[in-house]
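1. Return atomic coordinates for the entry below.
(2 chains)
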Amino acid sequence: MKELQELAARLLTDGSAGVVIGYEEGPRGVRPAFVTRPDDVGRLIFDPRCVHNLATYLSPRRTHLKGLGRPAVVVKGCDARAVAGLLRESQLAREDVLLIAVRCGGVMRHPERHVDLRAETVADRCTSCDVREPHLFDFVVGEAPAAPPVTDRREARIRELEAGSPADRWAFWQEELSRCVRCHACRQACPMCFCERCVADKTQPQWVESSAHPRGVLAFHLTRAMHQAGRCVDCGECERACPADIPLGLLNRKLAHVVAERFGHHPSDDPSVPAPIGSYAQQDGQEFIL
Amino acid sequence: MATAAESLTAFEPRITAFVCNWCTYTGADLAGTSRLQMAPNVRIVRLPCTGRIDPLFVIKAFERGADGVIVSGCHPADCHYTAGNYHARRRFAVFRELLDFMGIDTRRVTFSWVSASEGGKWRDVVNETVGRVQALGPFEAYHELAGRQG
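-> This is a model prediction of the structure:
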């Protein structure tokens, strides 16, 4: 913590960063912090409640942050994948951002509801984490903590759905999606959903109905999931932002498995690894094509 | 499968076909000029390339009442734009799995490669798809979404 605060103060003082984007204690739990003055670095914290993927604030559609100067962002190993994604898709130049990587031992699923990090409370993504020692960074802070508790609940749910019939899956998703109010919080929270004009907002022609009508809701979620295929960094922000608790992570995870199995692609914090959709191989499988 | 065209009493599915201009559309044209008999249930939408076919097209077709969809274009290595069909192949490989995971029966969606000289193959693709969708019946689950209140 002290190491992080001292580093932030140094970056703000010597002018290499205009704003440090990190975490602070808020009235309702941990929240993102935007520290612009060296005197304020005492606000910065990092602990298992720091679930947010702050790479979202690097998205080019966050134009209001541009005026604060070059950002130094606190990233967990997984968040760095989102930064790599933005670099890969030319949404960000490497020299336009400083990355303060933190060694992370897992975060909580619902920090506002939990008190400590246990198998029941750990975020799904932390279980399969392979970047506890970050790879993409300018600075690394913190000691390597214990490995996060292991759970299998998300994979088990996917297998359970796959074992059922299409009618069962249809019923399951229609039930889940019936709560969607089309607030688009999943899109706004996502570091990889950076289009200036989302196809879901277009009205001429209107591809996706904008009201919370079941038809438009299904079209939106099919499209959102499809656009995340091979790009999702599995930060879980969509699911956390969802006010209706729709298990969007299941869709993202399922498609991550598909691109892993079919194209051998895994989310990477190396910006030079191409995204699977948008590239191709001549020997790609085509057993489903007549 | 020819029964699809012959039967008058059976359910007549509506099939939307998204085809590429250079191969499948020309192949379908050949099927027509060759006077090949095939099920009349398919409405063709011609696009420049399979790479132009957004998965949203398939969603929209179902929203507007299609019971089945065909997506067809040039064989690998034959794309007029070199690589459009390779991109489409990846996209639809993933989209198909997504449809399946969200409970949409993938037997309603046919993918095929039909070249400009394969009029006979186009007929087979059409008849096979129509027969399959006919057996599945109308896509009521999806069409009901339109009538349901949000």
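2. so who does whatever residue of the stretch 1-150 of chain A ends up closest to chain B touch?
-> The stretch 1-150 of chain A approaches chain B most closely through A:Glu89 (15.8 Å), counting by Cβ to the nearest Cβ. All C-beta atoms are positioned from the backbone trio N, CA, C, and that covers glycine. Contacts here follow Cβ atoms under 8 Å, 6 or more residues apart in numbering or on different chains; on that basis A:Glu89 touches A:Arg231, A:Ala275.
3. What's the per-residue pLDDT of it here?
-> Per-residue confidence (pLDDT) for A:Glu89: 91.
4. quick one: which helix or strand includes A:Lys254?
-> Assigned by DSSP states H and E, A:Lys254 belongs to helix A:248-263.
5. no no, A:Arg154
-> Counting by DSSP H and E, A:Arg154 is part of helix A:153-163.
6. excluding its backbone neighbours, what's nearest A:Ala281?
-> Nearest residue to A:Ala281, sequence neighbours excluded (Cβ to Cβ, 6 or more residues apart in numbering or on different chains): A:Phe263, at 7.2 Å.
7. Just list the residues touching the one you found, thanks.
-> Taking Cβ under 8 Å, 6+ apart, one finds A:Gly230, A:Pro276, A:Ala281, A:Asp284, B:Arg90 in contact with A:Phe263.
8. what residues are up against the residue in chain B positioned nearest to chain A?
-> Per Cβ to the nearest Cβ, B:Gly103 is where chain B lies closest to chain A, at 2.8 Å. By Cβ under 8 Å, 6+ apart, B:Gly103 lies in contact with A:Pro166, A:Ala167, A:Asp168, A:Arg169, A:Trp170, A:Ala171, A:Phe172, A:Trp173, A:Gln174, B:Ala141.
9. and it, which of the three is it?
-> coil (DSSP: H, G, I helix; E, B strand; the rest coil).
10. Which residue is the nearest non-sequential neighbour of it?
-> Nearest to B:Gly103 is A:Trp170, by Cβ to Cβ, 6+ apart, at 2.8 Å.
11. Would you mind measuring from that neighbour to B:Val109?
-> In this view, A:Trp170 and B:Val109 are 15 Å apart by Cβ to Cβ, to the nearest Å.
12. Tell me which of the two has more neighbours.
-> Neighbours per residue (other Cβ atoms under 10 Å in any protein chain shown) separate A:Trp170 from B:Val109, with B:Val109 holding more: 23 against 18.
13. hmm, back to that, okay, the angle between the helix holding A:Arg154 and helix A:248-263?
-> If you take axes from the mean of the first three to the mean of the last three Cα atoms, to 10 degrees, helix A:153-163 sits at 70 degrees to helix A:248-263.
14. List the buried residues in helix A:153-163.
-> A:Arg154, A:Arg157, A:Ile158, A:Leu161 (16 or more other Cβ atoms under 10 Å in any protein chain shown).
15. and which of the residues you listed is nearest chain B?
-> Among the buried residues of helix A:153-163, and counting by Cβ to the nearest Cβ, the member closest to chain B is A:Leu161, at 7.0 Å.
16. so the closest one touches A:Leu251, yeah?
-> No - using Cβ atoms under 8 Å, A:Leu161 makes no contact with A:Leu251, being 10.4 Å away.
17. Touching both of the two, which residues are there?
-> With Cβ under 8 Å, 6+ apart, A:Leu161 and A:Leu251 have common neighbours B:Phe101.
18. What residue, apart from its backbone neighbours, is nearest B:Arg90 spatially?
-> A:Tyr280 (5.3 Å).
19. and the one you found, what does it touch?
-> Residues near A:Tyr280 by Cβ under 8 Å, 6+ apart: B:Ala83, B:Tyr86, B:His87, B:Arg89, B:Arg90.
20. Next one: the third one, what pLDDT does it get?
-> At B:His87 the predicted local distance difference test score is 93.
21. Over to A:Glu6?
-> 91.
22. Could you look up the SS state of it?
-> The three-state label given to A:Glu6 by three-state DSSP is helix.
23. now do the one 4 residues further on
-> At A:Arg10 the chain is in helix, as set by three-state DSSP.
24. average model confidence for stretch B:33-52?
-> Averaged across stretch B:33-52, the pLDDT comes to 93.
25. CA atoms only: put that stretch into CSV for me.
-> Extracted C-alpha coordinates of stretch B:33-52, given in CSV (Å, rounded to 0.1, in the frame of the first residue of the first chain):
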residue,chain,number,x,y,z
THR,B,33,-31.2,-21.8,-65.8
SER,B,34,-30.6,-25.5,-65.7
ARG,B,35,-34.2,-25.9,-64.7
LEU,B,36,-33.4,-27.9,-61.6
GLN,B,37,-36.4,-28.6,-59.4
MET,B,38,-36.1,-27.4,-55.8
ALA,B,39,-38.2,-26.4,-52.9
PRO,B,40,-39.6,-22.9,-53.4
ASN,B,41,-39.2,-21.8,-49.8
VAL,B,42,-36.0,-19.9,-50.0
ARG,B,43,-35.7,-16.1,-50.2
ILE,B,44,-32.2,-15.2,-51.4
VAL,B,45,-30.4,-12.1,-50.2
ARG,B,46,-27.4,-11.4,-52.3
LEU,B,47,-24.3,-9.9,-50.6
PRO,B,48,-20.9,-9.1,-52.0
CYS,B,49,-19.2,-11.8,-49.9
THR,B,50,-19.8,-14.1,-47.0
GLY,B,51,-17.4,-11.8,-45.1
ARG,B,52,-20.1,-9.2,-45.3
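26. mind listing what the closest residue to B:Met102 other than its chain neighbours touches?
-> Nearest residue to B:Met102, sequence neighbours excluded (Cβ to Cβ, 6+ apart): A:Trp173, at 5.0 Å. Contact analysis of A:Trp173 by Cβ under 8 Å, 6+ apart lists A:Leu218, A:His221, B:Met102, B:Gly103.
27. Dump the strand or helix carrying A:Trp173 to PDB, restricted to CA.
-> Assessed by DSSP H and E, A:Trp173 sits inside helix A:166-177. This file holds the C-alpha atoms of helix A:166-177, laid out as PDB (Å, rounded to 0.1, in the frame of the first residue of the first chain):
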ATOM      1  CA  PRO A 166     -31.600 -26.700 -26.700                       C
ATOM      2  CA  ALA A 167     -35.200 -26.200 -25.300                       C
ATOM      3  CA  ASP A 168     -33.800 -26.300 -21.800                       C
ATOM      4  CA  ARG A 169     -31.100 -23.700 -22.700                       C
ATOM      5  CA  TRP A 170     -33.700 -21.500 -24.400                       C
ATOM      6  CA  ALA A 171     -35.900 -21.600 -21.300                       C
ATOM      7  CA  PHE A 172     -32.900 -20.800 -19.100                       C
ATOM      8  CA  TRP A 173     -31.800 -17.800 -21.100                       C
ATOM      9  CA  GLN A 174     -35.300 -16.500 -21.700                       C
ATOM     10  CA  GLU A 175     -35.800 -16.600 -17.900                       C
ATOM     11  CA  GLU A 176     -32.500 -14.800 -17.200                       C
ATOM     12  CA  LEU A 177     -32.900 -12.300 -20.000                       C
END
